[in-house]
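A.B. asks: fold the stuff below for me.
(2 chains)
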Amino acid sequence: MFADDLTAAEVAKRWAALGLTKADVDVFGGMPTDVLARLGNLEGVPYWARSTANTLVLNQRLGEVEGQIEQLEGTVASAGDGSRALARELTALYADRKALRNINAALKVKGENDGQRFLTALTADRPPLAAVSIGDLDTAANVTWAVPGMDTGTSDMSSWSRAAQNIYDEQGRGTGDSRQGVIAWIGYDTPSPATVLGMAKAEAGGRKLADSIEGLGAVRSGDMPTTNVVAHSYGTTTAAIALSETGAHVDRFVSLGSAGSPNQVDSAGKLHAEHVFVGQARNVAFDEAGQGDQLAALGRRAPGHHVDPATRVFGATTFGTDTNPASVAEQRPVLNHDPLTGNGAGYLDAQTESVYNVGRVTTGHEDAATPFVPKPPTERDQELYERFHPLIGDR
Amino acid sequence: MNGTTSRTIRRQAGGIVVLLALAGLLTGCVFRAPDTATDRRTEPAVDPETAKQQMIDAVDDATRLLGGDWTPRTGPDYAEDCVLSDGEQGAQWRYLTGSSLAGNPSEDGTWMAEHWRGQGLEVIVRDSDDGPAVFGSGGERIASISAYAYSGNYTVQAVSSCFPGDADRIAEEDGDDAEAP
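C.D. replies: Numbers count the residues shown, from 1 in each chain, chains lettered A, B, ... in the order given. Got it, this is the predicted structure:
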């Protein structure tokens, strides 16, 4: 089953032949850690089994990392010439621990009664990549990948799971089959500010996302759920690669605050998605956070991903994200590029117009979504534009 | 200097501006400190338990009016970030509950909107093929409340007033008692 050349569908077939069910979870306790670690990330294996394996690995790694930190902290001071190398390793161990603890915390949230959480991926990377699903992917009728942007690692898993939870809750408020699953997918190495203008992270991440999407197809081939990708910022660049340069296909793709679609993906029709939706708050200058999206337009200046999916020519369906005044506490406007902000003005914060619309369009209720009504530029941006327009010219 | 060269220089200059801007934004796209430029929270701070009870009372008030059996989906002890009136980061509770009530969506939506307006809330109503979604903001006891009157899937969600605290820390403390899947 672990042969490198097996497809996810072949893995699914071999897994089925084993005849294991959820009643056999005790079997996993007797498996070697390296087997569990491979099983937990193997596309084609049911998600209950992956989560069981990954949770065991997570607990083991947490214990190991704690032990290694304790041991190293005692030796770094007396290591002499080797202390620098040991200090570097200690720093890496601290990062591992932070990520592992955060993943663990994301699995144990209290107050969520409706959507059980599963650890559907946990890689051996340092720190690890991971995916936490809210809702059961083995039975969900509607599955959504939440794909993050720049500077999101698994030390942010609790926060990104909050964003996924907000999508999950909003989807559950629609009509129809309420069995949904939303994956807080930190399954790729997201870019830093130094690499966000490049395409390398999106190319690599897009292929990983495609593997994940195709894995669901293998596990659920006889009972395929509706599928969505909801991506934010550079996550939209990554998702566009997955949905254009691989065989992966979803029913709906939702782009939020896009850092730019790859240049070659210059229309919604080039994405392997039945429907493409775009939410874009007012673009503002980078020092105007609190009045709109201060970063997405900067991202779209990148040489390899400068396509704005919110333009009419792209051909996606746009929806509103910042229609209402900042004073309202429900249907709040997006006033920042971030997915979550401390004051609830991010693209995936609860009670925003944005997350309301994400909930509607990912459950087939796009008629209920609010329309995109472009906000005029801020007064300062308008003044700057008028002053410098002769220098900038038409774009 | 021809037009192409001019455009190239402008693009290069633009690229430098972008890089400088991004370099200055090293905190990245995600999960940054509260942006206090907006005026969303102005209410005085309350203690966590009072805030939670007032939120539960608001949900109970709405579900009683709508009738039927209701089941909690998220919360009432689900904590999120918010901003206190002094600009400091605080925490709030969120409580989502649902019912398979068939109801009368149009009438129920109107009823909820009138009820909350009567309580001094600012109300927004979104109509759709599924029924009305009613959103209430303001008031002194909660931050906000909403009801989706969708036949077969009625939901009511309320958000508590913001109180001094840290949502992540509350979640971690609570999570110690919860079981991993």
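
A.B. asks: mind checking pLDDT for B:Val123?
C.D. replies: Reported pLDDT at B:Val123 in the predicted model: 95.

A.B. asks: quick one, phi psi at it?
C.D. replies: Dihedral pair for B:Val123: phi -120, psi 140, per degrees, to the nearest 10.

A.B. asks: what sits against it?
C.D. replies: B:Ala113, B:Trp116, B:Arg117, B:Val134, B:Phe135, B:Gly136, B:Ser137 (Cβ atoms under 8 Å, 6 or more residues apart in numbering or on different chains). All C-beta atoms are positioned from the backbone trio N, CA, C, and that covers glycine.

A.B. asks: run through the neighbouring helices and strands of the strand or helix carrying A:Asp26.
C.D. replies: With elements taken from DSSP states H and E, the one containing A:Asp26 is helix A:25-29. Under the contact criterion of 3 or more Cβ pairs under 8 Å, 6 or more residues apart in numbering or on different chains; DSSP states H and E, helix A:25-29 touches helix A:47-76.

A.B. asks: how about the helix it packs on and chain B, touching?
C.D. replies: Yes. Among the residues of helix A:47-76, A:Ser51, A:Thr55 lie within reach of chain B under Cβ under 8 Å from any Cβ of the partner chain.

A.B. asks: got any ranges where the chain has weak pLDDT?
C.D. replies: If you meant another chain, say so; for now it's chain A. Applying pLDDT under 70 to chain A flags residues A:77, A:79-82, A:389-395.

A.B. asks: ah, no, chain B please
C.D. replies: Within chain B, the stretches with pLDDT under 70 are B:1-44, B:173-181.

A.B. asks: pretty sure B:Gly67 contacts B:Ala102?
C.D. replies: No. Contact criterion Cβ atoms under 8 Å: B:Gly67 and B:Ala102 do not qualify, at 10.4 Å.

A.B. asks: coming back round to it: among the contacts of B:Val123, which one sits closest to B:Ala45?
C.D. replies: Using Cβ to Cβ, B:Ser137 comes nearest to B:Ala45 of the contacts of B:Val123, at 18.7 Å.

A.B. asks: so that closest one is in contact with B:Ser146, correct?
C.D. replies: No. The pair B:Ser137 / B:Ser146 is not scored as a contact, 9.3 Å apart, by Cβ under 8 Å.

A.B. asks: okay, the two: which has more neighbours?
C.D. replies: Using other Cβ atoms under 10 Å in any protein chain shown, the more surrounded residue of B:Ser137 and B:Ser146 is B:Ser146, with 27 against 24.

A.B. asks: hang on, the earlier thing: hey, what's in contact with both of B:Ser137 and B:Ser146?
C.D. replies: Common contacts of B:Ser137 and B:Ser146, defined by Cβ under 8 Å, 6+ apart, comprise A:Glu330.

A.B. asks: after the helix holding A:Asp26, next one along is what?
C.D. replies: Beyond helix A:25-29 on the C-terminal side, the first helix or strand identified by DSSP H and E is helix A:33-39.

A.B. asks: buried sites along that next one?
C.D. replies: Residues of helix A:33-39 classed as buried by neighbour count (16 or more other Cβ atoms under 10 Å in any protein chain shown): A:Leu36, A:Ala37, A:Arg38, A:Leu39.

A.B. asks: show me where chain B has its strands.
C.D. replies: Taking DSSP state E as the criterion, chain B carries its strands at B:71-83, B:89-99, B:122-126, B:133-137, B:142-148, B:154-160, B:163-164.

A.B. asks: what residues of the helix holding A:Asp26 count as buried?
C.D. replies: Across helix A:25-29, burial judged by 16+ other Cβ under 10 Å covers A:Val25, A:Phe28.

A.B. asks: only alpha carbons, please: show it as PDB.
C.D. replies: Provided in PDB are the C-alpha atoms of helix A:25-29 (Å, rounded to 0.1, in the frame of the first residue of the first chain):
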ATOM      1  CA  VAL A  25      -9.000   1.800  16.100                       C
ATOM      2  CA  ASP A  26      -7.200  -0.200  18.700                       C
ATOM      3  CA  VAL A  27      -5.200  -1.900  15.900                       C
ATOM      4  CA  PHE A  28      -3.400   1.500  15.300                       C
ATOM      5  CA  GLY A  29      -2.000   1.600  18.800                       C
END
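
A.B. asks: name the residues that touch that helix?
C.D. replies: Applying Cβ under 8 Å, 6+ apart, the external contacts of helix A:25-29 come out as A:Leu20, A:Leu36, A:Ala49, A:Thr52, A:Ala53, A:Leu56.

A.B. asks: if we use 10 Å, what do you get?
C.D. replies: Residues outside helix A:25-29 that contact it (Cβ atoms under 10 Å, 6 or more residues apart in numbering or on different chains): A:18, A:20, A:35-36, A:39-40, A:48-49, A:51-53, A:55-57.

A.B. asks: between those residues, identify the one with the most neighbours.
C.D. replies: Counting neighbours by other Cβ under 10 Å, A:Ser51 comes out on top of those with 29 neighbours.

A.B. asks: look up which residues are beta-bridged to the residue nearest the centre of chain B.
C.D. replies: Nearest residue to the geometric centre of chain B (Cα atoms, centre = their mean): B:Val159, 6.4 Å. Bridge pairing for B:Val159 (DSSP bridges) gives the partners B:Arg94, B:Ser144.

A.B. asks: that one contacts B:Asp81, doesn't it?
C.D. replies: No. Under the criterion of Cβ atoms under 10 Å, B:Val159 makes no contact with B:Asp81, lying 11.5 Å away.

A.B. asks: what is in contact with those two at once?
C.D. replies: By Cβ under 10 Å, 6+ apart, the residues touching both B:Val159 and B:Asp81 are A:Gly344, B:Gln92.

A.B. asks: separation between A:Gln351 and chain B?
C.D. replies: Distance, A:Gln351 to chain B, using Cβ to the nearest Cβ, to the nearest Å: 6 Å.

A.B. asks: ignore the last one, A:Asp5
C.D. replies: Distance of A:Asp5 to chain B, given as Cβ to the nearest Cβ: 31 Å.

A.B. asks: quick check on that residue: phi, psi?
C.D. replies: Dihedral angles of A:Asp5 (phi, psi; degrees, to the nearest 10) stand at phi -90, psi 10.

A.B. asks: neighbours around it, how many?
C.D. replies: Neighbour tally, A:Asp5, other Cβ under 10 Å: 5.

A.B. asks: for chain B, see how far away the closest residue to A:Leu209 other than its chain neighbours is.
C.D. replies: Of all residues not flanking A:Leu209 in the chain, A:Ala242 sits nearest, at 4.0 Å (Cβ to Cβ, 6 or more residues apart in numbering or on different chains). Using Cβ to the nearest Cβ, we find A:Ala242 at a distance of 19 Å from chain B.

A.B. asks: who's in contact with A:Ala242?
C.D. replies: A:Ala242 makes contacts with A:145, A:147, A:188, A:202-203, A:205-214, A:229, A:231, A:248-250, A:253, A:271-272, as judged by Cβ under 10 Å, 6+ apart.

A.B. asks: if we use 8 Å, what do you get?
C.D. replies: With contact set as Cβ under 8 Å, 6+ apart, A:Ala242 has these partners: A:Gly205, A:Gly206, A:Arg207, A:Leu209, A:Ala210, A:Ile213, A:Val229, A:Ala248.

A.B. asks: also B:Arg141?
C.D. replies: By Cβ under 8 Å, 6+ apart, the residues touching B:Arg141 are B:Gln54, B:Asp57, B:Ala58, B:Ser161.
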